[in-house]
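Undergrad: Based on what follows, work out the 3D shape:
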Amino acid sequence: MRYQSTRNSEIRITSADAMLQGLARDGGLFLPRILPSLSPEVYHTTDYRRLATLILHPWFDDFTIEEIETCVNQAYASTFDTKTVVPIVSVGNRHVAELFHGPTAAFKDVALSLFPRLLVLAKEKSNIQKDLIVLVATSGDTGSAALTGFKDIEHLTILTFYPNVGISEIQRLQMTTQDGKNQKVAAIQGNFDDAQGAVKKFLGERGEDPNFLYSSANSINIGRLLPQIVYYVHAYNQLVENKTIEVGQPIDFCVPTGNFGNIFAGYLAKRMGLPIGKLICASNQNHILTDVLKTGIYDRNRQFHSTLSPSMDILVSSNLERLLWLLSDGDSDLIVRLMNDLKTYGRFVLPKSIHEKLSETISAGYTSDEMTLRTIEEVYANHRYLLDPHSAVAWSVANPYQSDRPMVILATASPFKFPASIARAMNWTIEPDLRLITTISEITGLTIPKSLSELSKKPVLHHDIVAIDAVDRYIRRCVRENV
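TA: As a prediction, this is how the structure comes out:
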């Protein structure tokens, strides 16, 4: 298995090297031209750890299957509050895959419990003696999951940047109370696109450093992205096990989407052979993905909205580049032209043939904050099931796509991470977030995730605020001072 840059087909490296680099030096993203297939064995297990080993080893075939198995067991043995890691729950005539039972109560935990172990192993296998600097841009949830996953790993420093405005107070506290010795957290004066752009720019211009190797924990890193394939197969197998479907019958997934990594993992699962009917990309008021899927025009020259689903407040969805590369049969020249147009003009227009393939591959829709609140209230009133705002976006967008096929909604965060939005939706009294999570628990009977219930006892340790044009200097200063 060799990984190529989406912008240069001459670059071909192992999965270990792809993880360590994070982003190709030409700014492209790593992906193999030939994708592995699911083995028949995967449909006969609902054990998440066994399933992850079987699915991921072909992607990481420069690792032994025993090495992958060890990493998987360490990641999922005791870090999630359910044995199944990602349980699937029937809610009315739909099925909800609960991706939020990990250490930070969001779907990023599923990949970021495993990825740090794979990255450290990749460093050992490559016999790299340099210290590793992991950079993270977050729209809310990636930051705390990455900080938790990489906490206190020797010879590794993690630097995390989050938008100073727009995220929930719970999300902010999850990052700013982190007490790892190898961690640095800073707010940036901008949105997620600004943070991601600054990180990608630094990685693209980093050059060789005699003392440090720089990488990323965002889904631009193939090692962060690929573990997300597993929960699509796992959800499918649970529906087989409970006799909702038989092996071979297709099901649909509706995915709340910002940076396009989560739904792209579903596309990879489908390409590997998982019987998926429709993949539905659900967006909020920042519906740039809906627009490109329907019109073939990607235009970020528009108003940026801070919404109730902040992890989806993104106008530059990096992983779309990977999908376009695959749909164009690895046409790196086309990808370079499109990405240059995006950088120069803030927009690009897809060739008609690629747009047709794209619209056939992914369905799309978006919803407003008002509908998000109404959905939270209605689903709870009708089914006594509490959705967070991101999952409510997916539930709402799925409505016109409901068919005879089972519909799986990916629930990407615990509702306790967004208590103010829940209170608004339910017409409860608005209180400070840390008080509201107790109110939500008392009214609904739901248990507050342990990591969130402990936030009130933790001091805030990170106070830095950084201008966008100062991110490069900030990174270099943190590295120089060893955090």
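Undergrad: Let me see the contact set for residue 392.
TA: 309, 372-373, 375-376, 379, 425 (Cβ atoms under 8 Å, 6 or more residues apart in numbering). Glycine gets a C-beta too; all of them are placed from N, C-alpha and C.
Undergrad: Thought residue 116 was touching residue 103, still the case?
TA: No: using Cβ atoms under 8 Å, residue 103 is not in contact with residue 116; the gap is 11.9 Å.
Undergrad: In a markdown table: the contacts of residue 392, plus neighbour count, secondary structure and distance to residue 132.
TA: Shown next, in a markdown table, are the contacts of residue 392 (neighbours: other Cβ atoms under 10 Å; DSSP: H, G, I helix; E, B strand; the rest coil; distance: Cβ to Cβ, whole Å):
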| residue | neighbour count | secondary structure | distance to residue 132 |
| --- | --- | --- | --- |
| 309 | 29 | coil | 32 |
| 372 | 27 | helix | 38 |
| 373 | 19 | helix | 42 |
| 375 | 22 | helix | 42 |
| 376 | 27 | helix | 40 |
| 379 | 23 | helix | 43 |
| 425 | 24 | helix | 42 |
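Undergrad: Now the two most distant members of the residues you listed.
TA: Farthest-apart pair in those is 309 and 379; separation 14.9 Å (Cβ to Cβ).
Undergrad: Run through who's touching stretch 450-458.
TA: 81, 103-105, 170, 173-174, 177, 179, 414, 416-417, 434, 437.
Undergrad: In this protein, where is pLDDT below threshold?
TA: Within the chain, the segments meeting pLDDT under 70 span 207, 483.
Undergrad: and it, what are its domains?
TA: Following the assignment in automatic domain parsing, the chain carries domains at 3-78+108-221+461-480, 88-106+225-415.
Undergrad: Comparing residue 103 and residue 116, which residue is more hemmed in?
TA: residue 116 (25 against 20; other Cβ atoms under 10 Å).
Undergrad: quick one on the thing from earlier: so which of the domains of the chain is nearest residue 447?
TA: With Cβ to Cβ as the yardstick, what comes closest out of the domains of the chain is domain 88-106+225-415 (10.0 Å).
Undergrad: mind checking the end-to-end distance for the closest one?
TA: Across its full length, domain 88-106+225-415 reaches 16 Å between end residues, using Cα to Cα, to the nearest Å.
Undergrad: and what of stretch 134-149?
TA: Stretch 134-149: ends 11 Å apart by Cα to Cα.
Undergrad: What ranges does the stretch 251-400 of the chain have for its helices?
TA: 261-271, 288-295, 320-327, 332-345, 352-361, 369-383, 389-398 (DSSP state H, counting those that start in this stretch).
Undergrad: Contacts made by the third one with the rest, please.
TA: For helix 320-327, contacts defined as Cβ under 8 Å, 6+ apart pick out 6, 28-29, 31, 260, 264, 267, 271, 289, 292, 298, 331-332, 334-335, 338-339, 350, 354, 357-358, 361-362.
Undergrad: can you check the fifth one too?
TA: By Cβ under 8 Å, 6+ apart, the list of residues contacting helix 352-361 from outside reads 267, 279, 292-296, 323-324, 327-328, 334, 350.
Undergrad: coming back round to it: return the closest of the contacts of residue 392 with respect to residue 399.
TA: Nearest to residue 399 among the contacts of residue 392 is residue 375, at 9.1 Å by Cβ to Cβ.
Undergrad: Residue 309 touches residue 282, doesn't it?
TA: No: contact between residue 309 and residue 282 fails when scored by Cβ under 8 Å: they sit 9.4 Å apart.
Undergrad: Please state the backbone phi and psi of residue 168?
TA: phi -80, psi 160 (degrees, to the nearest 10).
Undergrad: check contacts around it.
TA: 140, 310, 417-421, 433.
Undergrad: check contacts around the residue nearest to residue 169 when sequence neighbours are not counted.
TA: Once flanking residues are discounted, residue 169 sits nearest to residue 433: 4.2 Å by Cβ to Cβ, 6 or more residues apart in numbering. By Cβ under 8 Å, 6+ apart, the contact list for residue 433 reads 168-170, 173, 419-420.
Undergrad: Which one of the contacts of residue 168 is nearest to residue 218?
TA: Once Cβ to Cβ is applied, the member of the contacts of residue 168 that ends up nearest residue 218 is residue 140, at 12.7 Å.
Undergrad: I figured that closest one was touching residue 171, is that so?
TA: Yes: counting by Cβ under 8 Å, residue 140 sits close enough to residue 171 to count as a contact (4.4 Å).
Undergrad: okay, and the common contacts of those two?
TA: Taking Cβ under 8 Å, 6+ apart as the criterion, residue 140 and residue 171 both touch 162, 310.
Undergrad: Neighbour count: the two, which is higher?
TA: residue 140 (29 against 26).
Undergrad: What is the neighbour count of residue 334?
TA: Residue crowding around residue 334 was assessed by other Cβ under 10 Å; the count is 19.
Undergrad: quick one: contacts for it?
TA: Residue 334 neighbours (Cβ under 8 Å, 6+ apart): 324, 328, 351, 354.
Undergrad: Farthest pair within the residues you listed?
TA: Top of the distance list for the contacts of residue 334 (Cβ to Cβ): 324 and 351, 9.9 Å.
Undergrad: still on that earlier bit, relative to residue 220, which of the contacts of helix 352-361 is nearest.
TA: Closest approach between the contacts of helix 352-361 and residue 220, by Cβ to Cβ: residue 323, at 13.4 Å.
Undergrad: Give me the residues contacting whichever strand or helix holds residue 133.
TA: Using DSSP states H and E, the element containing residue 133 is strand 131-137. With contacts defined as Cβ under 8 Å, 6+ apart, strand 131-137 is touched by 20, 22, 119, 123, 142-143, 146-147, 150, 155-162, 192, 195-196, 198-199, 202-203, 211-218, 475, 479.
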